[in-house]
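Peer 1: got a predicted structure here, sequence first:
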Amino acid sequence: MTELATPPAEQEQEIARISHWIGGRSVAGSSGRSGPVYDPAMGRQTGAVDFASVEEVDRAVRTARDAFPAWRATSLSKRSEILFRMRQLFYERREDIARMLTAEHGKVFSDALGEVARGLEVIEFACGIPTLLKGDYSEQASTGVDVYSIRQPVGVVAGITPFNFPAMVPMWMFAPALACGNTFVLKPSEKDPSASLLIAELLQEVGIPDGVFNVVHGDKLAVDALLDHPDVDAISFVGSTPIARYIYERGSQAGKRVQALAGAKNHMVVLPDADIEMAADAAVSAGYGSAGERCMAISVVVAVGDAADPLVDAIKERLPKIKVGNGFEPDVEMGPLITREHRDKVASFIDKGREAGATIVAGGREQEVDGDGFFLAPSLLDNVTPQMEVYLEEIFGPVLGVTRVETYDEALRLVNENSYGNGTAIFTRDGGVARQFQFDVQAGMVGINVPIPVPVAYYSFGGWKDSLFGDTHIYGPEGINFYTRGKVVTSRWPDPATSKVDLGFPQTR
């Protein structure tokens, strides 16, 4: 473990004040409202984040609006140069960012580094903005008439991001948005807000002009102020389905362009011919990594036919080896949940599963975890049926359910009947079945012997059904389209043969 991965000193610490970032500097909140920020591994408050008033949100948006004309006029080569510097500095400071993630979110340090790495991939993609914004040209569409297309920035973009990826998801938004020439107002989760301020400082260091990137903290009041503000042109959101629906409806009614990525209930289908050991490893890493607080986490394993018993046994065998604890410790593989309230809510689903007839194979409330943090042991529930609440709801914690079916067709029907369509996976040795699955399944991201099929940065991330509101996925080509508007120009110039301008050469047709 590197020196930077060591946890903060455990003596009593003063509660840190976490403020806004507007116009290139830290700005203390003036609303008189704030929210607690915790070290979830220690179970204690470490910070208090200012909650913005409507007036403070307005100040951030107006600052971004004032900065837009100059940033939009900045050449593509200059923007690309800044993005290259951004990528390099973020890489050099990746451990500093990861420390903040572990301290406030609780994920293990290696997982935090992985989060930063996935964000860096999108910054790298955005470095190619001169190519990504190339338009089309049709010469002589009609006699003497040329037609061409260009893409231009939408204006001020607001990003509303979740607690589970406080560095990566903002990078997924602001990197392409800024590259396209927009200015940005970030409203991060109030549960782990510090990384957003470090990001703001780093962006200033690489040359992002003051006012181009701003951060306001807060709760629903700040969100509504962004959704209603007439100078916000587009909203990017990642979070739960009920909030995503609200963001989409309210933002759209206000005339804004909105992409709202929502919740998930990701299924992993395991066929009898699958490599059971490989599938069990995948289920454990995808189900319990980051304490299950991932929108791409596997939460339902659909075991087909004879795969069920050996698969459940193999997963059960692996669970005692998962060490739960403070994410700064080198041998810990799973950290705490984000808050005590969320931990208790997740644990309640285990009780509901037992009461509904599911079998608690491992974990549950009864298995204690050392420490005062918001810990919950990895839990495995067998014989989960589609009628149970533990199957239907997005739990967002380290709870993995196993649903048994007899045939591939039953498994496919379960996935497709689910209201969510974010990601799904199939484990099999049969290439024909795998190809049929990717053809038939109703989900935005599909893994074949890959449990968490998050696309690389030059494709786009997003689900179907209740996992997406709007029609545009995030980052990649669709992200570039979302943060720009298309314009088509039809041009005709005077015939040189009839022009009165002396061109200095014979005017022949």
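Peer 2: Structure's in. What do you need?
Peer 1: let me see the ranges of the strands in the stretch 51-200 of the chain.
Peer 2: Along the stretch 51-200 of the chain, counting by DSSP state E, counting those that start in this stretch, strands occupy 137-142, 145-153, 156-160, 183-187.
Peer 1: given the longest one, what are its sheet partners and their directions?
Peer 2: Neighbouring strands of strand 145-153 in its sheet, by DSSP bridges, are strand 137-142 (antiparallel), strand 484-492 (antiparallel).
Peer 1: the helix ranked longest in the chain versus strand 156-160: what angle between them?
Peer 2: Taking DSSP state H as the criterion, the chain has its longest helix at helix 54-73. Here the directions of helix 54-73 and strand 156-160 differ by 130 degrees (axes from the mean of the first three to the mean of the last three C-alpha atoms, to 10 degrees).
Peer 1: list the buried residues for helix 54-73?
Peer 2: Using 16 or more other C-beta atoms under 10 Å as the test for burial, helix 54-73 gives 54, 56-65, 67-68, 71. All C-beta atoms are positioned from the backbone trio N, CA, C, and that covers glycine.
Peer 1: for the chain, which spans come out with low pLDDT?
Peer 2: Along the chain, the parts satisfying pLDDT under 70 run over 1-13, 366-367, 499-509.
Peer 1: show me it divided up by domain.
Peer 2: Following automatic domain parsing, the chain resolves into domains at 3-262+467-489, 266-448.
Peer 1: residue nearest the centroid of the protein?
Peer 2: Nearest residue to the geometric centre of the chain (C-alpha atoms, centre = their mean): Val169, 3.8 Å.
Peer 1: just give the nearest non-adjacent residue to that one, would you?
Peer 2: Thr161 (4.6 Å; C-beta to C-beta, 6 or more residues apart in numbering).
Peer 1: my read: the one you found touches Leu186, true?
Peer 2: Yes. Counting by C-beta atoms under 8 Å, Leu186 is a contact partner of Thr161 at 6.9 Å.
Peer 1: common neighbours of those two, please.
Peer 2: Listed as contacting both Thr161 and Leu186 by C-beta atoms under 8 Å, 6 or more residues apart in numbering are 170, 173.
Peer 1: who's in contact with stretch 132-142?
Peer 2: 76, 126, 146-151, 179-180, 477, 480, 484, 490.
Peer 1: closest to Leu381 out of the residues you listed?
Peer 2: For those, the closest approach to Leu381 (C-beta to C-beta) belongs to Pro477, at 39.1 Å.
Peer 1: any idea how far Gly444 is from the residue lying closest to the closest one once chain neighbours are set aside?
Peer 2: In this structure, Pro477 finds its nearest non-sequential neighbour in Ser460, 6.1 Å apart by C-beta to C-beta, 6+ apart. Ser460 sits at a distance of 9 Å from Gly444 (criterion: C-beta to C-beta, to the nearest Å).
Peer 1: ok, Glu417 next?
Peer 2: Distance, Glu417 to Gly444, by C-beta to C-beta: 16 Å.
Peer 1: neighbour count winner among these two?
Peer 2: Neighbours per residue, other C-beta atoms under 10 Å: of Glu417 and Gly444, the larger number sits with Gly444, 21 against 9.
Peer 1: that one reaches Tyr420, doesn't it?
Peer 2: No. The pair Gly444 / Tyr420 is not scored as a contact, 10.0 Å apart, by C-beta under 8 Å.
Peer 1: okay, and the common contacts of the two?
Peer 2: Shared contacts of Gly444 and Tyr420, counting by C-beta under 8 Å, 6+ apart, come down to 463, 467.
Peer 1: is it true that the residue nearest to Pro477 touches Phe482?
Peer 2: No. Using C-beta under 8 Å, Ser460 is not in contact with Phe482; the gap is 9.3 Å.
Peer 1: spit out the residues that contact the two alike.
Peer 2: By C-beta under 8 Å, 6+ apart, Ser460 and Phe482 have these common neighbours: Ile474.
Peer 1: quick one: which of these two has more around it?
Peer 2: In this view Ser460 and Phe482 are compared by other C-beta under 10 Å, and Phe482 has more residues nearby, 26 against 19.
Peer 1: which residues does that one contact?
Peer 2: Per C-beta under 8 Å, 6+ apart, neighbours of Phe482: 234, 236, 257, 259, 472, 474.
Peer 1: relative to Val332, which of those residues is nearest.
Peer 2: Out of the contacts of Phe482, the member with the shortest distance to Val332 (by C-beta to C-beta) is Ile474, at 30.2 Å.
Peer 1: now the residue nearest to Thr407 when sequence neighbours are not counted: how far from Ala443?
Peer 2: Distances taken as C-beta to C-beta, 6+ apart put Val304 closest to Thr407, at 6.7 Å, once the chain neighbours are dropped. Per C-beta to C-beta, Val304 is found 17 Å from Ala443.
Peer 1: need the contact partners of the one helix or strand Gly353 maps to.
Peer 2: Secondary structure from DSSP states H and E places Gly353 in helix 340-356. Identification of contacts with helix 340-356 by C-beta under 8 Å, 6+ apart yields 43, 292, 336-337, 360, 363-365, 374-376, 379, 381, 384-385, 387-390, 393, 395-399, 401.
Peer 1: hang on, the earlier thing: looking at the strands paired with strand 145-153, which is buried most?
Peer 2: Among the strands paired with strand 145-153, ranked by average contacts under mean count of other C-beta atoms under 10 Å, first place goes to strand 484-492 (a mean of 13).
Peer 1: which residues sit against that strand?
Peer 2: 133, 141, 144-154, 180-181.
Peer 1: mind listing the helices for the stretch 401-509 of the chain?
Peer 2: Ranges of helices within the stretch 401-509 of the chain are 408-417, 431-440, 476-482, based on DSSP state H, counting those that start in this stretch.
Peer 1: and the stretch 101-250 of the chain, by the same measure?
Peer 2: Along the stretch 101-250 of the chain, the segments classed as helices by DSSP H, counting those that start in this stretch run 109-126, 129-132, 168-179, 194-206, 220-228, 241-253.
Peer 1: quick one: those as CSV, columns for distance to Val324 too.
Peer 2: Compiled in CSV, those are given as follows (distance: least, C-beta to C-beta, whole Å):
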stretch, distance to Val324
helix 109-126, 13
helix 129-132, 42
helix 168-179, 23
helix 194-206, 23
helix 220-228, 32
helix 241-253, 28
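Peer 1: doesn't Val332 belong to a helix?
Peer 2: No. Counting by DSSP: H, G, I helix; E, B strand; the rest coil, one finds Val332 to be coil, located in no helix.
Peer 1: from here on, count from 560
Peer 2: Yep, numbering from 560; the last one is Val891 now.
Peer 1: sweet, I'm off.
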